[in-house]
Structures are given as structure tokens and as C-alpha cells.
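sequence-free structure coming up:
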């Protein structure tokens, strides 16, 4: 069995101590060194109950700043981040960590991800990123890899990575004032695939909770503010930092690297523009027609999830495919059902 002693788990949290306790209990006795970056007003009073936990309280500190500081305290060669409302499987961590040890030209690895939605007495599951099955961002140069990644985008925010790649992403975000929660992760991903290759392995890796109104659903998307003058400084910093790293990694001139970054930004724009516009931002919002469209959208979404589950039955690495995955999912479900996470820590 692959050891986990050279991997550190980082958990950012903000006003969600109920979720934090659930996740810490889930990882209890795993042997994983765990660092928590908590920006809630009040500290988590049960931190002392966890033997492998190092708890850091950052009241009113932004996400990039608190994570950058915690990452600077990591002493292991590999790091993985887990949102406080998600779960990462131990089998997924071991498989991906073994892959990274055996393939030093890879900077990041993860497996397949599902989404769960607690619905009263039931829990609804559906696979995510089916377009990423067998994904291998393996270009020979940094410029090739960033185009591969962003032309067919998959979030690698919670992949296992070499610790120095995490540090670079967050330090640059802090130093250059990148604060938008749906933007600075793009720089983080950019620098990761500049550093090395990225692989999605056929293993059940994580379960991600769908929470209506969470940051990812309310923050403006990259494609919506890429040309907004309000964000011009952040966009320029993103382009400049990425260009400098590509120039250094590929040993090319800054201007040439900048051309690759500009092409990549257009690939990012095209990727996000494929998505249907959200109803909340449309002219239908608030009216009777919007309510009808919303009901239709929900029904279409349900049918889409059922279709994706059927597809994943034949895809190794999803929990519906084999007994090992189902066993991992049953353990996760026991935590979902056993904990009341509805309260905040304010």
C-alpha cells in the first residue's frame, strides 16, 4: 500500500466549522499531516482533538493570502487541497501519489470526480468531467501544455501536486493582487501545467458537494470579465506572470511566450463561451417566463445527470463501475448522513 507520509493535506475553511469537523473526522486516523487555514471570525475550538492537525486561524484574511501562508509551512514534497465540503478518497490519493512518484515529469495528478446533492432523505450523485476521462496533458513544452489544458478545461484545483507548484501559484496571486475566486485558480492551473504534465487516472478520486449560492455559482466567470476594464490590472498580471514562467521554462523570449499566453486566453474564452448563459444574468430573470425556463432547465439538468451516470457505469474509476468505488462512496455517504452541517461558525 502506498504510504502517505510525503503528502500534506491543506483545508481552507471560512465560517463552516460544521463542514470542517465532518472532513477532519473523515480523515481521522489516515496518517495524513493536515493543515487548516481558517478565516472565520472565531477559531475552531476542537482543533486539539486531532493528532495530525496543525490549525492556523486567519480571521478576515482572503483565500489566496491564507493559503499562501499555510503552503509556506508545508514540509512534504507533495500537497493536496480539499474543500471543507468535499471528500477525497484515500485510495485515490494513494494511486495518484504513486503515479507522481513514478513519473517525475508530471506536476499534478487526480482521478474521477462525482458531485453529490443532499435532497431531504436522499442523496443524488452524478459524475463530473466526463470529457476528462483518460485526460493526459503531456505536451513536451510548457506552451503546448497550457494550450492543451485550457482548450478542454478541467479544474485541477484539488489535484495532488508538487508542493513548489502550489507555492508558486499562490505567491504570484498574492504578489499581483489576484483575488477573484474564479480567476486566481486559473493562474494556479496555468503555472501548474507550465511546471509539468497533468494526468487524470481511472480511479474514484473525490466527491464534491453541490451547494446553491456557493462562490463558484455566484462569482462572475472568467469569460464574463476578461474584457472588463475593472479587471484590466488582474488580467494583465495573469498574462505577464504566465508569460514570464513560460519563457523561463521553455527558454524562449518573453515576447514569444506572451504570444502563447494570448492564444491560450482565447482558448479559455472559447471554452467558457460554449456554456449556455446563466438565466440569472439573462433578460428573462425575475419574470414569469424566467420561472418556466428555470423549471425546464432543472428538468434538463436532471436528465443530463441520469445520462451521465449511465455512461459512467462503463468507465473505470467512477464509483458506480466497481465494488471498490462503491465501498468508498458508501463510507462517504455515511459521513454525509451522520453530520449536521447546516449551521455556520459566525
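Structure's in. What do you need? Quantities reported herein were computed from a predicted structural model and do not represent experimental measurements.

and the strands in the stretch 1-150 of the chain?
7-13, 33-38, 53-57, 78-81, 87-88, 106-119, 122-128, 136-137 (DSSP state E, counting those that start in this stretch).

what's the closest of those strands to residue 230?
strand 7-13 (25.5 Å; Cβ to Cβ). No exception for glycine: its C-beta is placed from N, CA and C like everyone else's.

partners of that closest one, with directions?
Next to strand 7-13 in the sheet, as set by DSSP bridges, lie strand 33-38 (parallel), strand 78-81 (parallel).

what about the shortest one, average pLDDT?
For strand 78-81, mean pLDDT is 96.

thinking residue 202 is in contact with residue 135, fair?
No. Counting by Cβ atoms under 8 Å, residue 202 stays clear of residue 135, with 10.6 Å between them.

so is residue 161 in a helix, a strand, or just coil?
Under DSSP: H, G, I helix; E, B strand; the rest coil, residue 161 falls in the strand class.

now do the contacts for the closest residue to it other than its chain neighbours.
The shortest distance from residue 161 to any non-neighbouring residue, by Cβ to Cβ, 6 or more residues apart in numbering, is to residue 108 (4.5 Å). For residue 108, the contacting residues are 100, 156, 159-162, 165, 192-193, 196-199, by Cβ atoms under 8 Å, 6 or more residues apart in numbering.

more neighbours, residue 202 and residue 135?
Neighbour comparison, residue 202 and residue 135: the larger count goes to residue 135, with 18 against 15 (by other Cβ atoms under 10 Å).

skipping adjacent residues, who's closest to that one in space?
Closest to residue 135 by Cβ to Cβ, 6+ apart is residue 200, at 4.1 Å.

for burial, what's the neighbour tally of the one you found?
Residue 200 has 24 nearby residues by other Cβ under 10 Å.

how much space separates it from residue 233?
33 Å (Cβ to Cβ, to the nearest Å).

go on, residue 189?
20 Å.

looking at these two, which is more packed in?
Neighbours were counted for residue 189 and for residue 233 using other Cβ under 10 Å; residue 189 has more, 22 against 12.

for that one, give me phi and psi.
Main-chain dihedrals, residue 189, degrees, to the nearest 10: phi -70, psi -40.

and for the closest residue to it other than its chain neighbours, the neighbour number?
Spatially, and ignoring its direct neighbours in sequence, residue 189 is nearest to residue 156 (5.2 Å; Cβ to Cβ, 6+ apart). Using other Cβ under 10 Å, residue 156 has 23 other residues around it.

now the one 5 residues further on
Other residues within reach of residue 161, judged by other Cβ under 10 Å, total 28.

how about residue 53?
As a measure of burial, residue 53 has 20 neighbours, counting by other Cβ under 10 Å.

that one and residue 73, how far apart?
Distance from residue 53 to residue 73, by Cβ to Cβ: 13 Å.

any common contacting residues for the two?
In contact with both residue 53 and residue 73: residue 35, using Cβ under 8 Å, 6+ apart.

is the closest residue to residue 123 other than its chain neighbours in a bridge, and if so with what?
Nearest residue to residue 123, sequence neighbours excluded (Cβ to Cβ, 6+ apart): residue 116, at 5.6 Å. Beta-bridge partners of residue 116, counted by DSSP bridges, are residue 125, residue 209.

pull the helix or strand with minimum mean pLDDT from the chain.
helix 215-218 (a mean of 50; mean pLDDT, DSSP states H and E).

quick check: which element contains the residue lying closest to residue 316 once chain neighbours are set aside?
Closest residue in space to residue 316, ignoring its immediate chain neighbours: residue 202 at 4.3 Å, by Cβ to Cβ, 6+ apart. For residue 202, the host element (DSSP states H and E) is strand 197-209.

assign the closest residue in space to residue 112 that isn't next to it in sequence to helix, strand or coil.
Using Cβ to Cβ, 6+ apart and skipping residues adjacent in sequence, the residue nearest residue 112 is residue 317, 4.2 Å away. Using three-state DSSP, the structure places residue 317 in coil.
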